[in-house]
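**Q** I would like to see how this sequence folds:
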Amino acid sequence: MRQVIAMHGWAGDSSVWMLWSRHFEQRGWRWLSGERGYGSRSAQIPAWMDGSTRRLVICHSLGFHLLPASVLSVATDLVLLGGFACFAPEGVQGRRQKTALKGMGQALGTDQETVMLRRFLDRAASPFPLSALPPNALLQGISETGRQRLRDDLNLLANLSALPAGCPDHASVLVLQGDLDQIVPAETQELLTRSLEDRLGRRPTVLLQAGCGHALLTADALQRVLAWLERP
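**A** Predicted coordinates:
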């Protein structure tokens with residue numbers, strides 16, 4: 001049995017995978033989405049089904065660091081969309097990232113909360129309009145539980161220093177990056193590639209999505225992932 005476990009990123013939810021899950025299920029894959037529970041959806045930690053032999057993990061952005069080691073460690077295939085190992089590396093760029101994350105955290109629970117979230121989502125969607133992404137329920141309001149999870153994960157982002165625990169050392173790995181990403185700069189993208197190469201003992205497959213930013217959830221990105229999975 002072929003199974004997919006997918007995990008969304010910061011300020012997202014499992015609804016972002018609707019298009020992807022439909023296409024994979026049409027091809028005979030079993031699909032299960034993890035859910036962090038920032039909004040109205042209940043948090044859900046996914047697990048592999050008994051009998052799964054090909055185990056594909058697809059992560060967008062922070063989602064790579066939100067899955068448990070028990071899921072990652074036995075994946076046979078790993079797809080990272082706008083992913084990273086360390087989000088705020090040492091140096092000037094990293095200090096800027098940490099300052100921005102601190103400001104985002106301070107905006108949560110204030111009258112600037114929705115403005116901050118919309119600004120982040122606009123940057124994630126760029127160069128496409130925010131309307132090109134699935135509707136984000138957080139713009140309609142956040143529970144205190146969801147707000148705390150957002151804060152916790154901003155802190156996680158600021159302190160990431162390596163690949164997540166359980167990152168497989170035997171899987172086939174695809175890294176898909178947008179050349180216009182306003183969230184994950186090129187330096188951070190390259191650090192992910194080097195970290196994976198050290199882990200795997202070989203360079204992962206790295207594809208650049210031209211004309212695309214951080215929200216690599218488009219139909220074009222989906223087709224590139226399917227083509228990679230179905231390679232000879």
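**Q** which ones are touching the residue nearest the centre of the chain?
**A** Geometric centre of the chain, nearest residue: His60, 1.9 Å, by C-alpha atoms, centre = their mean. By C-beta atoms under 8 Å, 6 or more residues apart in numbering, the contact list for His60 reads 6-9, 12, 16, 81-83, 216-217. Heads up, the C-betas are built off the backbone N, CA and C, glycines and all.
**Q** repeat that for 7 Å
**A** 8-9, 12, 81-82, 216-217 (C-beta atoms under 7 Å, 6 or more residues apart in numbering).
**Q** again with Ser126
**A** By C-beta under 7 Å, 6+ apart, Ser126 lies in contact with 180, 182, 213.
**Q** this structure: helices as residue ranges?
**A** 18-26, 69-72, 92-107, 113-125, 144-159, 186-200, 219-229 (DSSP state H).
**Q** quick one: pLDDT of the residue nearest to the centre of the chain?
**A** His60 is assigned 98 on the pLDDT scale.
**Q** try Gly94
**A** 84.
**Q** from memory it sits against Ala88, does it?
**A** Yes - using C-beta atoms under 7 Å, Gly94 is in contact with Ala88, at 4.2 Å.
**Q** quick one, which of those two is more surrounded?
**A** Neighbours per residue (other C-beta atoms under 10 Å) separate Gly94 from Ala88, with Ala88 holding more: 21 against 17.
**Q** could you pull up phi and psi at the residue of the chain most remote from its centre?
**A** Distance from the centre of the chain peaks at Asp111, with 27.3 Å (C-alpha atoms, centre = their mean). With angles defined as degrees, to the nearest 10, Asp111 sits at phi -70, psi 0.
**Q** quick one: it from Arg147, how far?
**A** As defined by C-beta to C-beta, to the nearest Å, Asp111 lies at a distance of 14 Å from Arg147.
**Q** need the pLDDT of the residue farthest from the centre of the chain.
**A** The model's pLDDT for Asp111 equals 95.
**Q** swap in Ala85?
**A** For Ala85, the model assigns a pLDDT of 97.
**Q** check the one 4 residues further on too.
**A** We note a pLDDT of 86 for Pro89 in this prediction.
**Q** what about it, distance to Leu208?
**A** According to C-beta to C-beta, Pro89 stands 20 Å off from Leu208.
**Q** tell me which of the two has more neighbours.
**A** Applying other C-beta under 10 Å to Pro89 and Leu208 shows that Pro89 carries more neighbours, namely 18 against 12.
**Q** next up, the contacts around the more buried one.
**A** The neighbours of Pro89, taking C-beta under 7 Å, 6+ apart as the test, are 187-188, 191.
**Q** need those in JSON lines (columns: pLDDT, distance to Asp50 and neighbour count).
**A** Shown next, in JSON lines, are those (pLDDT from 0 to 100; distance: C-beta to C-beta, whole Å; neighbours: other C-beta atoms under 10 Å):
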{"residue": "Glu187", "pLDDT": "90", "distance to Asp50": "42", "neighbour count": "11"}
{"residue": "Thr188", "pLDDT": "94", "distance to Asp50": "37", "neighbour count": "21"}
{"residue": "Leu191", "pLDDT": "95", "distance to Asp50": "37", "neighbour count": "18"}
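**Q** between those residues, which is closest to Ser161?
**A** Leu191 (10.5 Å; C-beta to C-beta).
**Q** now for the closest one: which residues touch it?
**A** 85-86, 89 are the contacts of Leu191 under C-beta under 7 Å, 6+ apart.
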